[in-house]
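**Q** turn this into a model:
(chains A and B)
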Protein chains: 2
Amino acid sequence: MAVYTDVSFEELGALLSDYELGAPLSFKGIAEGVENSNFYLQTDRGAYILTLYEKRVSEADLPFFLGLLEHLCARGIACPLPVRDRKGAQWCRLNGRPAALLTYLNGLSLRRPDVTHCAEAGAALADLHSAGADFSLRRPNALGVGSWRALADTVAARADSIQPGLRSLILESLDSLETNWPAGLPSGVIHADLFPDNVLFMNARVSGLIDFYFACNDVLAYDLAVMLNAWCFESDGFNITKARALTSAYRKGRPLSEREIEALPTLAAGSALRFLLTRLYDLINHDPMALVRPKDPRDFSKRLRFHRAVKNASAYGIA
Amino acid sequence: MAVYTDVSFEELGALLSDYELGAPLSFKGIAEGVENSNFYLQTDRGAYILTLYEKRVSEADLPFFLGLLEHLCARGIACPLPVRDRKGAQWCRLNGRPAALLTYLNGLSLRRPDVTHCAEAGAALADLHSAGADFSLRRPNALGVGSWRALADTVAARADSIQPGLRSLILESLDSLETNWPAGLPSGVIHADLFPDNVLFMNARVSGLIDFYFACNDVLAYDLAVMLNAWCFESDGFNITKARALTSAYRKGRPLSEREIEALPTLAAGSALRFLLTRLYDLINHDPMALVRPKDPRDFSKRLRFHRAVKNASAYGIA
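**A** Numbering: from 1, shown residues only, chains lettered A, B, ... in the order given. As a prediction, the model looks like this:
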């Protein structure tokens, strides 16, 4: 919720001379994206987002992220399209940061999506997985199952000070997940962070998917497990009706195999652990001078406990 | 540069049902305004800013601020127009804060305005003063000359730790300004904070004046003195060419009397002291958890010293 690197209109003007975007009409820092600095730009040709990539996004990953967006747009997925400059480059450098201009998508992200929204979002995830199938670049999941042990080691000692019992929950879950993590499930390009913040709606239909900066190659059903965590929990617990709507709509677009369905509780527990660990890390390492408030990790300890108690995918409304 | 109070799309939807603004297309927190939380809202009828007034803006002042904007718009000044709800109210309450919807103005604020921009902005200030002349509400200047002694008392003890010599600069300037502050100059509605941030340009012409939340009744020439401080200093000192352009353009719209011209160095020193004191106060009382970085007060100690050394208004390019 902040702009980390400032961009003046004069700096913008110099940048725009390299693009065919027309004359600027409006330019404002926007308070979203915990990772990057984002600016809303309106020109006489359209609306765009200027993103300056801060330390969490490596320049070496930009061919994957920006190439993927271009690939997906070409296959009809409503996501931001990186605008190439006159020389064909997808990004440049601005104020010491890699920077890209992307098309701006209309639509509104929901704080409390209802059952219909969950179904729409599930269908959009299946479309995304299909459209990504023939993308040629690869990026391993830097926050996949193989990364959790090291993350847990750095936060375990402080975990009980955040919430009593958290340390043992993390270490026991991790042991179990590392042992039981499913191998050989269908893989491909996943979004890996498709929370309601990152799905735009217009008139109850998905109008855009945004923030692909965790996208990577991993198990496709893991992406659905992320959405079970992100879309189906309410303040008073898990909403199975939402989960049924989400997974049914997904399966219409991309059928799940028996093995994927069986693995879902493990994948969902893993996804809950991933967000628990990164939020704990961010909270413990929070710089009080930073412009972002850390998110509460405890939402995900509750979700992790839920998935660990689940017997099979029928708990998610899957017959 | 932050959103202090969050507004969900669902909360926005409930709010919009009280207005005739059409269906929302886009809604995003924007990173500007150190005082308030601001959101960009696009609907099928146009673009708007939703402002939630945080603690520095008193609800009791909203009839003045919002009434003034409506008054100025009706007289052709390009400033945000508060949108009245179906019942005619100019503001409401949202998430515990007073909140208003205002029209969004296109245009870009400049970091390094040139001489032509200074002339345009000076002319805009004269237009603003003329248009405000028959506004019926009144608001005293809470940061006028009468307020500086109390502010100085709270920051003087710490001032030398920010910059050696600052304490005596402040106290000596204050003694001199209180003694020599001009009485009986033409007064009216002033913007009181017309920095380049608050002036939007399109194709080198002023397209909008924004952020009227320091507007008040005070000496008109003081507003011009604020602009001498805000528009005419560069990293290597005062630019008299800019000052000449600014003041000449202003005087074409609203001639200055002999007494106003004589008073200008005193008014400019007072304005520099006002920003020096409030920036010092904000720096000394800065909450490290706050989402805003305090501005450097030392820019204004330099400007204050400059104006104190000035013999007469010819230093500003006024013949």
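**Q** tell me the SS of A:F201?
**A** Following DSSP: H, G, I helix; E, B strand; the rest coil, we place A:F201 in the strand state.
**Q** list the beta-bridge partners for it.
**A** A:L108, A:V206 (DSSP bridges).
**Q** could you measure it against B:P265, distance?
**A** Between A:F201 and B:P265 the distance is 58 Å, computed by C-beta to C-beta, to the nearest Å. Any C-beta I mention is one placed from the backbone N, CA and C, and that applies to glycine too.
**Q** compare neighbour counts for those two and give me the winner.
**A** Between A:F201 and B:P265, counted using other C-beta atoms under 10 Å in any protein chain shown, the more crowded position is B:P265 (23 against 20).
**Q** what's the closest non-adjacent residue to that one?
**A** Excluding its sequence neighbours, the residue lying closest to B:P265 (C-beta to C-beta, 6 or more residues apart in numbering or on different chains) is B:V310, at 4.3 Å.
**Q** so who does that neighbour touch?
**A** B:P265, B:A268, B:Y316 (C-beta atoms under 8 Å, 6 or more residues apart in numbering or on different chains).
**Q** buried residues in stretch A:111-118?
**A** Going by neighbour count (16 or more other C-beta atoms under 10 Å in any protein chain shown), the buried part of stretch A:111-118 is A:P113, A:H117, A:C118.
**Q** from the contact counts, what lies against the helix or strand encompassing the second one?
**A** A:H117 is located in helix A:115-132, with elements delineated by DSSP states H and E. Helix A:115-132 makes packing contacts with helix A:62-74, strand A:187-190, strand A:199-202, strand A:205-209, helix A:220-231, helix A:240-253 when contacts are defined by 3 or more C-beta pairs under 8 Å, 6 or more residues apart in numbering or on different chains; DSSP states H and E.
**Q** which ones are touching A:G46?
**A** A:G46 neighbours (C-beta under 8 Å, 6+ apart): A:L21, A:G22, A:T103, A:Y104.
**Q** dump those residues to a markdown table, plus distance to chain B, neighbour count and pLDDT.
**A** Output for the contacts of A:G46, formatted as a markdown table (distance: C-beta to the nearest C-beta, whole Å; neighbours: other C-beta atoms under 10 Å in any protein chain shown; pLDDT from 0 to 100):
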| residue | distance to chain B | neighbour count | pLDDT |
| --- | --- | --- | --- |
| A:L21 | 14 | 17 | 95 |
| A:G22 | 13 | 12 | 92 |
| A:T103 | 13 | 16 | 97 |
| A:Y104 | 8 | 21 | 96 |
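**Q** show me those residues that map onto strands.
**A** A:T103 (DSSP state E).
**Q** below-threshold pLDDT in chain A: ranges please.
**A** Filtered on pLDDT under 70, chain A yields the residue ranges A:1-3, A:32-34, A:287-293.
**Q** can you give me the helices in it?
**A** A:9-16, A:62-74, A:115-132, A:148-162, A:166-180, A:220-231, A:240-253, A:258-284, A:298-309 (DSSP state H).
**Q** most tightly surrounded among the helices and strands packed on helix A:115-132?
**A** helix A:220-231 (a mean of 25; mean count of other C-beta atoms under 10 Å in any protein chain shown).
**Q** quick check: closest non-adjacent residue to the residue nearest to the spatial centre of chain A.
**A** Chain A has A:D193 as the residue nearest its centroid, 2.0 Å off, counting by C-alpha atoms, centre = their mean. Distances taken as C-beta to C-beta, 6+ apart put A:F214 closest to A:D193, at 4.2 Å, once the chain neighbours are dropped.
**Q** count the residues that sit near the one you found.
**A** Residues lying near A:F214 (other C-beta under 10 Å) number 21.
**Q** contact partners for it?
**A** A:L143, A:H191, A:A192, A:D193.
**Q** state the distance from A:V199 to chain B.
**A** 12 Å (C-beta to the nearest C-beta, to the nearest Å).
**Q** how about A:R303?
**A** 21 Å.
**Q** then A:S161?
**A** Separation of A:S161 from chain B (C-beta to the nearest C-beta): 19 Å.
**Q** ok, how many other residues are close to that residue?
**A** 10.
**Q** residues touching stretch A:162-177, excluding its own?
**A** Contacts for stretch A:162-177 (C-beta under 8 Å, 6+ apart): A:145, A:148-149, A:152, A:155-157, A:159-160, A:266, A:269-270, A:273, A:276-277, A:280, A:283-284, A:297-298, A:301, A:304-305, A:308.
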